[in-house]
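>>> let's see this in three dimensions:
(chains A and B)
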Amino acid sequence: LAKTTQPISMDSYEGQEVNITCSHNNIATNDYITWYQQFPSQGPRFIIQGYKTKVTNEVASLFIPADRKSSTLSLPRVSLSDTAVYYCLVGDLQFSGGYNKLIFGAGTRLAVHP
Amino acid sequence: GAVVSQHPSRVICKSGTSVKIECRSLDFQATTMFWYRQFPKQSLMLMATSNEGSKATYEQGVEKDKFLINHASLTLSTLTVTSAHPEDSSFYICSARDFSGAADTQYFGPGTRLTVL
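Okay, here's the model as predicted:
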């Protein structure tokens, strides 16, 4: 299982773009990169998932360089409600047999200020 | 996205009693579900992997006789904390694996707050 490294905390202000970078040097060929957001006393919420290059959805973008040893979650124009812990995880992609066991690291605590 | 529910959302019990927590995948079938626990200000810790129709696989250090897991159907897994003690008080979160789409994704339930008095 590939280990991930993220900044422990980040601070931002409302309306700014926030980029959180995750390092995963030992990522395997079949690994996907998934980001989750967690508010206090709630389960993690799926944000975005990708394998390579760039993925964009209605809430975020995920940038993955060619070597896939890192990834960057980009949150455009954050608001106070984006204050949360963000987790980057990598896991095996196995459609049959096996299972995708996600191991959580410490995550990044993002604080958005007025 | 896929929806996972948990019941109850919070439970308070006396020491020595058993507590059952249900995890359901509402709009997809999940052959594999996972159970985590989370202490305040800490990350999620994987407890066990629950596979439909077979025995659960527990992570090192997790007592299987203490935390009973049953995955009897493709949409339901249960975690029973047996003879609960105050040190079992924690936030328990389940997730369900959905690989019906292009990628293998896990969706998490809202969590269950267990307080043992």
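>>> for the residue nearest the centre of chain A, which non-adjacent residue is closest in space?
Relative to the mean C-alpha position of chain A, the nearest C-alpha, by Cα atoms, centre = their mean, is the one of A:Trp35, at 3.0 Å. With Cβ to Cβ, 6 or more residues apart in numbering or on different chains as the measure, A:Ile47 is the residue that lies nearest to A:Trp35, at 4.5 Å, once sequence neighbours are left out. For every residue, glycine as well, the C-beta is placed using N, CA and C.
>>> check A:Ser9 too.
For A:Ser9, ignoring the flanking residues on the chain, the nearest one in space by Cβ to Cβ, 6+ apart is A:Arg109 at 4.4 Å.
>>> by mean pLDDT, flag the weakest helix or strand of the chain.
Let's take chain A. strand A:84-92 (a mean of 90; mean pLDDT, DSSP states H and E).
>>> not quite, I wanted chain B
Per-element confidence for chain B was summarised using mean pLDDT, DSSP H and E. The lowest value among helices and strands belongs to strand B:105-108, with a mean of 88.
>>> residue in chain B nearest to chain A?
Checking chain B residue by residue against chain A with Cβ to the nearest Cβ singles out B:Phe108 as nearest, at 3.7 Å.
>>> contact residues of chain B facing chain A?
Of all the residues in chain B, those in contact range of chain A (Cβ under 8 Å from any Cβ of the partner chain) are B:1, B:4, B:6, B:32, B:34, B:36, B:43-46, B:49, B:51, B:91, B:93-95, B:97, B:99, B:103-111, B:113.
>>> if we go to 6 Å?
Chain B comes close to chain A at residues B:1, B:32, B:43-44, B:49, B:93, B:97, B:99, B:103-111, as judged by Cβ under 6 Å from any Cβ of the partner chain.
>>> list only buried entries from these.
Applying 16 or more other Cβ atoms under 10 Å in any protein chain shown to the residues of chain B next to chain A, the neighbour count classes B:32, B:44, B:49, B:93, B:97, B:99, B:104-111 as buried.
>>> widest-spaced pair of these?
Greatest spatial distance in those: B:Phe99 and B:Gly111, 23.0 Å, computed using Cβ to Cβ.
>>> residues contacting the residue nearest to A:Trp35?
A:Ile47 makes contacts with A:35, A:37, A:60, as judged by Cβ atoms under 6 Å, 6 or more residues apart in numbering or on different chains.
>>> just the ones of those residues in strands?
Residues from the contacts of A:Ile47 lying in strands, with DSSP state E as the criterion: A:35, A:37.
>>> closest to A:Asp11 among the contacts of A:Ile47?
Looking at the contacts of A:Ile47 and their distance to A:Asp11, the nearest is A:Gln37, at 16.6 Å (Cβ to Cβ).
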